[in-house]
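Peer 1: sequence first, predicted coordinates after that:
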Amino acid sequence: MTASKASDALYLQTLTELARGLAGGEFSSRELTESLLERIDAHQKSLNAFITLTADEALAEAKTTDKKVILDFYADWCTDCVRMEKTTFRDPLVTTALGGYRLLQVDVTDPDDPEGTAIKKRYGVFGPPAVLFFNADGREYRTERRYGFIGADALVALLNSLE
């Protein structure tokens, strides 16, 4: 099977099938990760997918790609975070407005995670949901920080005001 076919085969599997495949040694976690990242890269413009990077990596990348950055502090237990992920970030007007942005999600689900704690401390964020906006040079639009639920219309208006 070609790499592309293998990538498609992994992409088409359910999470349960992927877990079984990993446990059964059918493929490695590295192969799975590479497969999914290839798929995301191939469709990045239409997906506006969240890719996990450190804040420093993302801001450095933003400088080289001339993209602004949105840093979204998220937790699985945060009802407003989940609601925004299911509604606001999937709204067609929002996905269009996000075209010039690099979206980063900081998962702070585990309060004992030292990385999550460090990035919250670095940016002075106490908890989710918090959304921070940076220009392409990595400078934060500090007065535009948002805490709590943000609806699609409000987010689009904010993004348009930052241009």
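Peer 2: Done, it's in. Numbers count the residues shown, from 1 in each chain.
Peer 1: tell me the domain ranges of this structure?
Peer 2: 3-42, 47-161 (automatic domain parsing).
Peer 1: what about the strands in the chain?
Peer 2: With DSSP state E as the definition, the chain shows strands at residue ranges 68-74, 101-107, 130-134, 146-147.
Peer 1: by mean pLDDT, show me the worst of those.
Peer 2: Set side by side, those differ in mean pLDDT, and strand 101-107 is lowest with a mean of 86.
Peer 1: report the buried residues of it.
Peer 2: Along strand 101-107, the positions that meet the burial threshold by neighbour count (16 or more other C-beta atoms under 10 Å) are 101-107. Just so you know, the C-beta spots here come from the backbone N, C-alpha and C atoms, and that holds for glycine as well.
Peer 1: sorry, back to before: identify, out of the domains of the chain, the most deeply packed stretch.
Peer 2: When the domains of the chain are scored by mean count of other C-beta atoms under 10 Å, the highest mean neighbour count falls to domain 47-161 (a mean of 16).
Peer 1: next one: that one to chain centre, how far?
Peer 2: Computed by C-alpha atoms, centre = their mean, to the nearest Å, the chain-centroid distance of domain 47-161 equals 7 Å.
Peer 1: mind checking how far G127 is from A23?
Peer 2: G127 sits 34 Å away from A23 when distances are taken as C-beta to C-beta, to the nearest Å.
Peer 1: hang on, I meant L155
Peer 2: Following C-beta to C-beta, the distance that separates L155 from A23 is 40 Å.
Peer 1: ok, now R142?
Peer 2: When C-beta to C-beta is applied, the distance between R142 and A23 equals 46 Å.
Peer 1: so P92 versus F149, what's the distance?
Peer 2: The value you get for P92 to F149, if C-beta to C-beta is used, is 19 Å.
Peer 1: an error on my part: the question was meant for A118.
Peer 2: The gap separating A118 from F149 is 26 Å, by C-beta to C-beta.
Peer 1: so where's this structure uncertain?
Peer 2: Per-residue confidence of the chain (counting by pLDDT under 70) places the weak regions at 1-9, 11, 15, 40-66, 163.
Peer 1: before I go, just wanted to say thanks for your time.
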